[in-house]
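Engineer: quick check, what structure comes out for this input:
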Amino acid sequence: MLHRFKHSLPLMVAVILLAAPFSTVQAASTTTVKLTSLMLQVSEPVTVYGATAGTITTLDPQIMEDSSSVNAIENLFLGLTDIDPKTSQIRAEAATKWDKSADGTVWTFTLRNDIPWVRWDPQAKKATQVRMVTAKDFEYGMKRSCDPRLGAYYTAVASDIIKGCGDVAKLPVDQIKDSDFDQIGVKALSDTQLEVTTRGPLGYFLYTSSMWMFRAVPKETIDEYGEQWTDPGNIVTDGPYLVDELDQNVNRVFVKNPYYPNVNNTYGGNVERLSTIIVKDPTTIYSLYQNNEVDSSGIPAAELTRIRQDPDLSKQFYQTIRPELWYFGFMYDKPPFDNVHVRRAFSAIIDRKAMVSEMLQGQGIPMAHFMPPSIRGAVPINEVGVGDPANLGFDPEYAKAEFAAAGYQTCDDFPNVTFLTDPGGSIFGEYLQNQVKTYLGCDIDKINIEEAEGTVLLKTIKPTTPIAQRPNLYTLGWIADYPDAHNWMHDVLSCNGPNNQKRVCNDTDKKIDAASDEIDPKKRDQMYREVEDEFFGKQGEFPLVPLYVPVEYGLVKPWYKGFFQTDGMFGGSHWDTLIIDQAAQLAARPRKQ
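Structural biologist: Next up, the predicted model:
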């Protein structure tokens, strides 16, 4: 359940290096091209070049909470398990095997003994082995995910999975002792044996064992450098790549870990370096792609039809539907959205089909309820919602009736509200303004649109932020951590979940809790169907306004291969599966003057 801010594809980045001009290479003989490429191969490692608007907010696995950072952390730190980039199934990673007790609450993981902690010196361009990773490092990392002093979003998620984690997470931060962590159900039995006790027989636990907040981290490095432990030169990692450069506003560079024991290297990846520049304008990224300066790009909406019809670019085109949903969120404790009738009205005025076809140029699947089809326990998209199922929750007459039931016969008495979005997301606020005016008769000035950088947006909407500083409603994207309904219904919508927006607990929350522990799949699916209806049916509470599942379009160069349609569905993408035909890449890249 990573938060998503940007409305464009996250891409790997570009730094312009020496190469022959594209026009010259095109006209050259085959012999010259091969000779030039061979000379250039000697001068640089196999590199993926790209550009992105996404910002890495942290490289700390226990603190990370956004989609840009998770891609880096996925490749810097190993999990107990991993989600296969091709099949999305669980596979071994730091753990080679696992067993669980008869009651399904105690898991024992057997770990590899050949994974080193490595430090990279950016100045000397040298990697140094520190020591081997042990089960104690996983015990430390998993227990650290429960520490409330971190102020981490995923502490609440860990608390719902690991026995005793929630008790520690609730302790006053100024009273915590080292001995408090002994009650958490994680224990290193030896260097290669780790025991994990869950809070119940959680059918989805194995999928969560691949998550970033449960990854091993080096305690001695954290003790030595404190909050600066993830800075280039300080950071010690155990994954396939190392941090060479990291400038939040300019570029980032990662290099292959020479001591990595090739865990799960079954797909033949050959990338030795990923070089990324920060470019805020998607159109500029697309221009860099056209000039062969980056190996991948998102697609500007205005170019989509032309690209699909172009004989060359159409072969570089790909489409991805991820387990992700965009929505409008409400502040429950801030009028007027403390009133359920107002929340229902605002949901029912959204013509999701028109939003997707007109505003998003068809790049989405309209949704009237929360869970997308790829999630276990999800309801088909046309089986929950108000009004005609074909309209997917759009019902202007129902909206007007609910608005009146809230006490607003006209908009004269309706207060001005603030809509907070990420940079570039104002189109969503403008769409809402138009819908409110068209179907509720409110002047567009009733909706005041504000933009904030992603991390600022997350901080602003937290329930701990003073109410006067929080918006009335906001827009955000939710990406699944693992393919189970618990990750959506509990972690996002439950009054006990980490996304709590001051909802008062009720019987629906009890049903969510019961469903998470239900062993019978059919009973569990039925519970989640009932929960979806209790939230988004005619008498629903409408804790948020579901909008659409995005359909992402991208371009990749012929010399760049990877699982672009499936990798990173849950968590980060795997750089060690990427393949670059360097001769073709360097022959096409423009030469630095």
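Engineer: where along the stretch 251-400 of the chain do the strands fall?
Structural biologist: Using DSSP state E, counting those that start in this stretch, the strands found in the stretch 251-400 of the chain span residues 251-256, 273-278, 296-298, 317-321, 324-330, 364-366.
Engineer: most tightly packed of those?
Structural biologist: Highest mean neighbour count among these (mean count of other C-beta atoms under 10 Å): strand 296-298, with a mean of 26. C-beta: built from backbone N, CA, C; applies to glycine.
Engineer: tell me which strands it pairs with, and in which orientation.
Structural biologist: Paired neighbours of strand 296-298 in the sheet (DSSP bridges): strand 544-556 (antiparallel).
Engineer: what angle sits between the partner strand and strand 324-330?
Structural biologist: 140 degrees (axes from the mean of the first three to the mean of the last three C-alpha atoms, to 10 degrees).
Engineer: which phi and psi does the residue nearest to residue 99 when sequence neighbours are not counted have?
Structural biologist: Of all residues not flanking residue 99 in the chain, residue 108 sits nearest, at 5.1 Å (C-beta to C-beta, 6 or more residues apart in numbering). Dihedral pair for residue 108: phi -120, psi 120, per degrees, to the nearest 10.
Engineer: residue 335 against residue 416, yeah?
Structural biologist: No - counting by C-beta atoms under 8 Å, residue 335 does not reach residue 416; the two are 11.2 Å apart.
Engineer: which strand or helix spans the closest residue to residue 54 other than its chain neighbours?
Structural biologist: Distances taken as C-beta to C-beta, 6+ apart put residue 68 closest to residue 54, at 3.4 Å, once the chain neighbours are dropped. Assigned by DSSP states H and E, residue 68 belongs to helix 67-76.
Engineer: check contacts around the residue nearest to residue 374 when sequence neighbours are not counted.
Structural biologist: Using C-beta to C-beta, 6+ apart and skipping residues adjacent in sequence, the residue nearest residue 374 is residue 323, 4.7 Å away. For residue 323, the contacting residues are 372, 374-375, 479-480, 483, 549, 569-570, by C-beta atoms under 8 Å, 6 or more residues apart in numbering.
Engineer: if you set the cut-off to 10 Å instead, what comes out?
Structural biologist: Counting by C-beta atoms under 10 Å, 6 or more residues apart in numbering, residue 323 makes contact with 1, 88, 371-375, 378, 478-483, 487-488, 549, 569-570.
Engineer: where does residue 510 sit, in terms of helix or strand?
Structural biologist: Judged by DSSP H and E, residue 510 forms part of helix 507-517.
Engineer: so what secondary structure elements neighbour that helix?
Structural biologist: Helices and strands touching helix 507-517, by 3 or more C-beta pairs under 10 Å, 6 or more residues apart in numbering; DSSP states H and E, are helix 486-488, helix 521-536.
Engineer: what is the burial count for the closest residue to residue 339 other than its chain neighbours?
Structural biologist: Using C-beta to C-beta, 6+ apart and skipping residues adjacent in sequence, the residue nearest residue 339 is residue 406, 4.9 Å away. Look at residue 406: counted by other C-beta atoms under 10 Å, it has 17 neighbours.
Engineer: from memory residue 406 sits against residue 415, does it?
Structural biologist: No - checked against C-beta atoms under 10 Å, the pair residue 406 and residue 415 is beyond contact range at 11.7 Å.
Engineer: and stretch 292-304, which residues are buried?
Structural biologist: 292-300, 303 (16 or more other C-beta atoms under 10 Å).
Engineer: what mean pLDDT does it get?
Structural biologist: Over the span of stretch 292-304, the pLDDT mean works out to 92.
Engineer: out of the strands of the stretch 251-400 of the chain, nearest to residue 180?
Structural biologist: With C-beta to C-beta as the criterion, residue 180 lies closest to strand 324-330 of those, at 33.3 Å.
Engineer: strand partners of that closest one, parallel vs antiparallel please.
Structural biologist: strand 473-479 (antiparallel), strand 544-556 (antiparallel).
Engineer: could you say which of these is packed most deeply?
Structural biologist: strand 473-479 (a mean of 24).
Engineer: how about the helices of the stretch 51-200 of the chain, start to end?
Structural biologist: Remark: helices assigned in the stretch 51-200 of the chain by DSSP state H, counting those that start in this stretch are 67-76, 135-144, 154-159, 165-169.
Engineer: hmm, who's touching the shortest one?
Structural biologist: The set of residues external to helix 165-169 that reach it, using C-beta under 10 Å, 6+ apart, is 142-143, 145-148, 150, 152, 155-160, 162, 176, 180-186, 198-199, 496.
Engineer: brilliant, that's me finished.
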